[in-house]
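Asks: Quick one, structure for this:
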Amino acid sequence: MYSLYSWGSPFESDGIYSFDPVCLSIQAYLQLSKAEWRLCRTNSTDISPSRCLPTLVYQGSAVESGLWPIAQFLKQEGHDLDAGLDPEQLAQSVAYISAVQGGLGDALLFSWYAVSENFVAGVRPQLAKLFGFPLSLVIPTQLKTYAERKLTTEGIISSGGGSTDDADSLEASSAANALRKKIPRIYLLAKEGFNRYADKSAHPIYEQAKKYLSVLSKKLGQQQYFFGNRATMLDTVVYGYLVLVIKIDLPQNTLKEIIESDYPNLIRHCDRIHEQLSAPTTISEQSLVAGLAGAMKQAISSYFTVLTRRPQEVKDDPQRAAKVRSVVGASFAFLGYVIYNGILSAPAPKPPSQTNELVFESASEVLSAIRNV
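Replies: Predicted coordinates for the structure are as follows:
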């Protein structure tokens, strides 16, 4: 039996067992390929040699991490959703998956983390519920930082979170960044998003997303799946990204509105796969971070138990000093571990090393390749 170590989910009541699209894609792949597997929820990348989730464990050892390596391993083990595709269709599949990861992936990151209203009122509270205190103070902010760094590197937003096409945004972002350096980090953890633009429904990234959605919608047509009547890897990847758009409600859900309005066949496709997926056998893994967090919470609880006693009882308690030291020690151990090791690791996905491998430098190249194959 395979064990898939995956980021957890605050949306399990909706049948969504991770907040990460790649984790969801591999979960769908495992189910549709009829593999025997179990889901291991984790909030740590320690299981993976490359510090990346999802990670597939087989016979007690981590064998692969990330979308392409796990898919390649499963194909070699006989769980090949693409077995019925010819070389031309395999090349098309790689091109479409690159389009989904690039175009839709960036749009999803933007919608969740760069739009202040969505992050503050929607995403962060859900992630906080998933990770619990005190990890809720750290991991959502790290996820946001990673997303904004990636979007900035690709020129989608400026370093301050605004559109790169807006000169006023650049000036405002520079001023905000200078201010951030003067504000204690713990304050920013509580006030994350204060210098972000509230209304980004007209951002160019949504026009870019429409191009990818249009190509996918045209390819799907009225078929059940992208290559006929049988699900392939492409179907699982499209599902992994679209389900987080279609099934999750946000205050500003521009991307969902676009899909519902213009691409109803993609909605039906997502629903079709979602209905086929059953709740996986699930276990939760205790990580070192979670252990430190638990020790910290227990120490704090013990300390406040001391504070609720009568003054004379506190004075006579010989363990009072030890309990205070345990609070401080657990706090510093937890924060030190988080700062030194980091909670998050999200390397860029790599295409499979096959004869049909396609590598694209830009969105236009992906779209051009799709239209020409």
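Asks: which parts of stretch 43-56 are buried?
Replies: For stretch 43-56, burial by neighbour count (16 or more other CB atoms under 10 Å) applies to 43-45, 47-48, 51-56. Where you see a C-beta, it was placed from the backbone N, CA and C, and this is true even at glycine.
Asks: what mean pLDDT would you report for that stretch?
Replies: Averaged across stretch 43-56, the pLDDT comes to 89.
Asks: and the end-to-end length of that stretch?
Replies: 15 Å (CA to CA, to the nearest Å).
Asks: so can I have a markdown table of the buried residues of stretch 43-56 showing distance to Ala35 and secondary structure?
Replies: A markdown table is the format used below for the buried residues of stretch 43-56 (distance: CB to CB, whole Å; DSSP: H, G, I helix; E, B strand; the rest coil):
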| residue | distance to Ala35 | secondary structure |
| --- | --- | --- |
| Asn43 | 24 | coil |
| Ser44 | 24 | coil |
| Thr45 | 23 | coil |
| Ile47 | 19 | coil |
| Ser48 | 19 | coil |
| Arg51 | 24 | coil |
| Cys52 | 20 | coil |
| Leu53 | 18 | coil |
| Pro54 | 14 | coil |
| Thr55 | 15 | strand |
| Leu56 | 10 | strand |
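Asks: so which of these comes closest to Gly102?
Replies: Cys52 (18.1 Å; CB to CB).
Asks: From Tyr2, how far out is the closest one?
Replies: Noted for Cys52: a distance of 17 Å to Tyr2, by CB to CB, to the nearest Å.
Asks: Could you do Val57 as well?
Replies: Distance from Val57 to Tyr2, by CB to CB: 7 Å.
Asks: Quick one: low-confidence residue ranges for this protein.
Replies: Applying pLDDT under 70 to the chain picks out residues 159-201, 285-373.
Asks: Need the phi and psi values for Tyr58.
Replies: Dihedral pair for Tyr58: phi -140, psi 130, per degrees, to the nearest 10.
Asks: burial measure for it, as a count.
Replies: By the criterion of other CB atoms under 10 Å, Tyr58 has 15 neighbours.
Asks: Spatially nearest residue to it (excluding sequence neighbours)?
Replies: Tyr2 (5.5 Å; CB to CB, 6 or more residues apart in numbering).
Asks: does that neighbour really touch Ser33, like I thought?
Replies: No. Taking CB atoms under 8 Å as the definition, Tyr2 is not a contact partner of Ser33, at 10.5 Å.
Asks: how about the strands of the chain, start to end?
Replies: Listed in chain order, the strands of the chain (DSSP state E) span 2-7, 37-42, 55-58, 61-65, 282-284.
Asks: Give me the helices and strands touching the third one, please.
Replies: Spelled out, that is strand 55-58. Packing partners of strand 55-58 (3 or more CB pairs under 8 Å, 6 or more residues apart in numbering; DSSP states H and E): strand 2-7, strand 61-65, helix 67-76.
Asks: got the angle between the first one and strand 37-42?
Replies: On the basis of axes from the mean of the first three to the mean of the last three CA atoms, to 10 degrees, strand 2-7 is oriented at 30 degrees to strand 37-42.
Asks: now the longest one
Replies: Our comparison of helix 67-76 with strand 37-42, counting by the same axes, to 10 degrees, yields an angle of 160 degrees.
Asks: Now helix 67-76 - C-alpha only, PDB.
Replies: C-alpha atoms of helix 67-76 as PDB (Å, rounded to 0.1, in the frame of the first residue of the first chain):
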ATOM      1  CA  LEU A  67       3.700  15.900  -9.300                       C
ATOM      2  CA  TRP A  68       5.800  14.600 -12.100                       C
ATOM      3  CA  PRO A  69       8.100  12.300 -10.100                       C
ATOM      4  CA  ILE A  70       5.200  10.600  -8.300                       C
ATOM      5  CA  ALA A  71       3.200  10.200 -11.500                       C
ATOM      6  CA  GLN A  72       6.200   8.600 -13.300                       C
ATOM      7  CA  PHE A  73       6.700   6.200 -10.400                       C
ATOM      8  CA  LEU A  74       3.100   5.200 -10.400                       C
ATOM      9  CA  LYS A  75       3.100   4.600 -14.100                       C
ATOM     10  CA  GLN A  76       6.100   2.400 -13.700                       C
END
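Asks: Go through it and flag the buried ones.
Replies: Neighbour count says helix 67-76 has 67-71, 74-75 buried, by 16+ other CB under 10 Å.
Asks: If you count contacts, what does that helix end up packed against?
Replies: helix 21-32, strand 55-58, strand 61-65.
Asks: now the first one
Replies: For strand 2-7, the packing partners by 3+ CB pairs under 8 Å, 6+ apart come out as helix 21-32, strand 37-42, strand 55-58.
Asks: do that again at 6 Å, thanks
Replies: Packing partners of strand 2-7 (3 or more CB pairs under 6 Å, 6 or more residues apart in numbering; DSSP states H and E): strand 37-42, strand 55-58.
Asks: can you list contacts of it?
Replies: 18, 20, 23, 35, 37-40, 42, 47, 53-58 (CB atoms under 6 Å, 6 or more residues apart in numbering).
Asks: farthest-separated two in the residues you listed?
Replies: Pairwise distances among the contacts of strand 2-7 were taken by CB to CB; the largest, 20.6 Å, belongs to Asp20 and Tyr58.
Asks: Could you report the separation of Leu24 from Ala279?
Replies: Leu24 is 14 Å from Ala279, where distance means CB to CB.
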